[in-house]
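S.K.: For reference, the sequence and a predicted model appear below.
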Amino acid sequence: MPKEVFPGITVDPAVQHGRPCLAGTRTPVVSIVGALAGGSSLEQVTLDYFVTEDQIRAALAYVTHMLDSIHVYAAS
């Protein structure tokens, strides 16, 4: 059973090994963010993954939220 962990993002142990996915899809957040980081445009990602721009924004918001909750310390 999928559980919403962030608006528009769900986790289901039976889907993508429990990785966070766009709600209502089997598309992992990491795939969307990776495609954008690799240089794909929003338009290209919508075509390649059959998702909407709102779903892409949800993925980016989720990643931003997750990164904001991590503390990184420089090694000396």
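M.R.: Cool, the structure landed.

S.K.: got a pLDDT number for the residue nearest the centre of the chain?
M.R.: Note on the chain: the residue nearest the mean C-alpha position is Val29, at 2.1 Å, using CA atoms, centre = their mean. Note on Val29: pLDDT of 98.

S.K.: correct me, but it touches Pro20?
M.R.: Yes: counting by CB atoms under 8 Å, Val29 does reach Pro20; the two are 4.6 Å apart. Every C-beta, even on glycine, is put in place using the N, C-alpha and C of the backbone.

S.K.: what about Ser40, which SS state?
M.R.: Secondary structure for Ser40, judged by DSSP: H, G, I helix; E, B strand; the rest coil, is coil.

S.K.: one step back: could you report the separation of the residue nearest to the centre of the chain from Ser76?
M.R.: 33 Å (CB to CB, to the nearest Å).

S.K.: List the residues that are in contact with both of Val29 and Pro20.
M.R.: 9, 62 (CB atoms under 8 Å, 6 or more residues apart in numbering).
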